[in-house]
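Next input, structure requested:
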Amino acid sequence: MANIQTLDPSTSPLAYYGWELRRQREAANLKQGQLGSIIFCTGSLIGQIETARKVPTRDFSERVDAALGTGGLFSRLIGLVLRSQLPTWFQAYAEMEARATYISTYQSQVVYGLLQTEEYARALLATGMPEDLDGLLAARMERQRILQREQPPLAWVILDEAVLSRPIGGRRVMRSQLAKLLELISQRWMRIQVLPFSAGEHASLAGSFNLLRFESDPDLVYTEDVISGHMTANPETIREASLRYAHLQGAVLSVEESAALISRVMKERYGAGSGSEELAVA
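From the prediction side, this is the model:
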């Protein structure tokens with residue numbers, strides 16, 4: 001068990017957060033239980049976060065800032081803490097994704113991470129059997145904050161029709177996920193289109209990929225394999241990926257047709273159900 005008195009704040013963002021939380025709490029002359037009572041959590045949770053054994057949430061951070069009068073300190077730190085919970089090989093991409101002004105992605109298997117509901121993301125992340133599922137989930141939800149900006153990145157999302165049919169998390173979870181896609185599709189900065197099965201062979205049968213564009217930095221292409229991610233700014237790779245994406249764009253359903261298909265699948269395949277029906281998808 002970690003000892004907060006010997007916790008080195010320089011070892012990780014999570015350790016620094018815990019160290020700073022204890023320092024600010026003690027400066028306010030509060031015990032763990034007392035602070036917990038003020039922000040509606042247990043003293044045990046405060047202790048776990050102070051010893052870097054528990055990843056804090058954004059809501060927790062905002063309540064701590066209000067209780068201790070820290071001027072938004074923990075609300076600023078939490079983004080760094082949650083990003084550090086992402087797999088090491090993914091962190092560089094997440095940083096670039098947050099800076100991008102234009103994101104275009106083709107997803108052949110699952111909904112793009114920025115568009116996932118919390119329940120869908122939890123079911124998906126659990127397949128990797130992570131040691132800290134809650135921390136990883138919180139990090140994924142934190143990524144989505146870029147879509148809440150006053151000027152979010154422009155996003156063009158192409159989903160293979162297979163994404164709609166794969167029952168991640170069961171019927172209720174999928175129905176909620178498809179409903180979220182229908183909500184997002186109406187946003188003027190978001191374009192979601194479906195590549196139908198009827199398209200047959202296409203330019204990206206090899207798998208999913210993302211293209212990121214920036215105001216001043218070179219474009220990037222990102223791909224993943226089973227255990228890691230790969231990011232490159234190689235001009236030839238960018239040109240090839242852009243060409244393939246253009247071919248995909250020529251084969252997809254229109255935005256209106258895509259919305260109609262998503263709606264139809266949501267109703268016909270994931271209609272309201274309960275109990276054993278949650279896992280039994282026709």
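
so what's Phe40 up against?
For Phe40, the contact set (Cβ atoms under 8 Å, 6 or more residues apart in numbering) comprises Arg63. In this view, the C-beta of every residue, glycine as well, is placed from N, C-alpha and C.

Could you do Leu137 as well?
Leu137 sits next to 118, 121-122, 125 when contact means Cβ under 8 Å, 6+ apart.

Nearest spatial neighbour of it, chain-adjacent residues omitted?
Arg122 (5.4 Å; Cβ to Cβ, 6 or more residues apart in numbering).

My guess is the one you found contacts Gly135. True?
No: applying Cβ atoms under 8 Å, one finds Arg122 not in contact with Gly135, separated by 11.9 Å.

So, low pLDDT: which residues of the chain?
Across the chain, the ranges flagged by pLDDT under 70 are 1-6, 272-282.

got the residue ranges for the helices in it?
Shown for the chain, the helices assigned by DSSP state H span residues 13-27, 32-38, 43-50, 58-68, 73-83, 88-99, 118-126, 133-143, 161-165, 171-184, 235-251, 255-269.

for these, which one sits closest to Tyr112?
Tyr112 sits nearest to helix 161-165 of all those, at 9.0 Å, using Cβ to Cβ.

tell me what the closest one is packed against?
Here helix 161-165 touches strand 190-195, helix 255-269, going by 3 or more Cβ pairs under 8 Å, 6 or more residues apart in numbering; DSSP states H and E.

what does the last one contact?
The contact list for helix 255-269 (Cβ under 8 Å, 6+ apart) reads 161, 164-165, 171, 174-175, 178-179, 181-182, 185, 191-194, 196, 252-253, 281-282.

circling back to that earlier point, out of the helices and strands packed on helix 161-165, flag the one nearest Ala206.
Nearest of the helices and strands packed on helix 161-165 to Ala206, taken as Cβ to Cβ: strand 190-195 at 13.9 Å.

neighbouring contacts of the closest one?
106, 115, 147, 155-161, 164, 181, 184-185, 202, 248-249, 251-255, 257-259, 261-262.

Would you point to the one among the helices and strands packed on helix 161-165 that's packed deepest?
Burial of the helices and strands packed on helix 161-165 is given as mean neighbour count (mean count of other Cβ atoms under 10 Å); strand 190-195 ranks first at a mean of 22.

what's the spacing between it and its chain's center?
Averaged C-alpha coordinates place strand 190-195 at 18 Å from its chain's average position (Cα atoms, centre = their mean, to the nearest Å).

what angle do that strand and helix 255-269 make?
70 degrees (axes from the mean of the first three to the mean of the last three Cα atoms, to 10 degrees).

Just checking: what are the partner strands of strand 190-195?
Neighbouring strands of strand 190-195 in its sheet, by DSSP bridges, are strand 154-160 (parallel).

Tell me the buried residues in the strand it pairs with?
Buried positions in strand 154-160, judged by neighbour count with 16 or more other Cβ atoms under 10 Å: 155-160.

and the angle for that strand with helix 235-251?
Going by the same axes, to 10 degrees, strand 154-160 makes 70 degrees with helix 235-251.

For Asp132, give its distance to Thr237.
Here Asp132 is placed at a distance of 34 Å from Thr237 (Cβ to Cβ, to the nearest Å).

So for those two, which residue has more residues nearby?
Thr237 (16 against 13; other Cβ atoms under 10 Å).

which residue packs closest to the more buried one, ignoring adjacent ones?
Val221 (5.4 Å).

Please check the contacts of helix 255-269 and keep the buried ones.
For those, a burial check counting by 16+ other Cβ under 10 Å picks out 161, 164, 171, 174-175, 178, 181, 185, 191-194, 252-253.
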